[in-house]
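# task: produce atomic coordinates for the following.
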Amino acid sequence: MGVLQDVHWSEGYIGYFSTYSLGNLISLQLWEKMGEEIPNISEQVRSGEFGEILSWLRENVHRHGRKYEPQELVQRITGSKIDPEPYMRYLNTKYGEIYGL
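Prediction:
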């Protein structure tokens, strides 16, 4: 597959992959905040019900468009800057259960 195995490579965006990591950090931080406001969020996902989650995202994230830089948007939504701790908790829970850590 070579250089065409990822669209970013053919466009010359070799350093683009770090944005995936940043997205992972932010997603878990937002997930935790959603969990505070939508107590049964995991059950909704398991049952394929995404309406309340989509409404939360529209109200808290999407409506702002590009008005804020990511750091400011995350802080406005969660009350703190981009923080790796929610992602670390997720990884520890997931892999701790799998590998008995």
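# which intervals of this structure have sub-threshold pLDDT?
1-5 (pLDDT under 70).
# what are the boundaries of the helices in it?
7-10, 18-37, 41-46, 51-60, 70-78, 85-99 (DSSP state H).
# now mean neighbour count too, for the ones you listed, in a markdown table please.
(C-beta placed from N, C-alpha, C; glycine too.) Compiled in a markdown table, the helices of the chain are given as follows (neighbours: other Cβ atoms under 10 Å):
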| stretch | mean neighbour count |
| --- | --- |
| helix 7-10 | 12 |
| helix 18-37 | 14 |
| helix 41-46 | 12 |
| helix 51-60 | 13 |
| helix 70-78 | 16 |
| helix 85-99 | 12 |
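# for stretch 32-47, C-alpha coordinates in PDB please.
What follows is stretch 32-47 as a C-alpha-only set of coordinates in PDB (Å, rounded to 0.1, in the frame of the first residue of the first chain):
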ATOM      1  CA  GLU A  32     -16.800  12.200  31.400                       C
ATOM      2  CA  LYS A  33     -18.600  15.500  31.300                       C
ATOM      3  CA  MET A  34     -21.500  14.000  29.400                       C
ATOM      4  CA  GLY A  35     -21.600  11.200  31.900                       C
ATOM      5  CA  GLU A  36     -22.100  13.800  34.700                       C
ATOM      6  CA  GLU A  37     -25.100  15.300  32.800                       C
ATOM      7  CA  ILE A  38     -26.500  12.100  31.200                       C
ATOM      8  CA  PRO A  39     -26.300   9.600  34.000                       C
ATOM      9  CA  ASN A  40     -27.300   6.500  31.900                       C
ATOM     10  CA  ILE A  41     -25.100   7.400  29.000                       C
ATOM     11  CA  SER A  42     -23.400   3.900  28.800                       C
ATOM     12  CA  GLU A  43     -26.800   2.200  28.700                       C
ATOM     13  CA  GLN A  44     -28.000   4.500  25.900                       C
ATOM     14  CA  VAL A  45     -24.900   3.700  23.800                       C
ATOM     15  CA  ARG A  46     -25.400  -0.100  24.500                       C
ATOM     16  CA  SER A  47     -29.000   0.100  23.300                       C
END
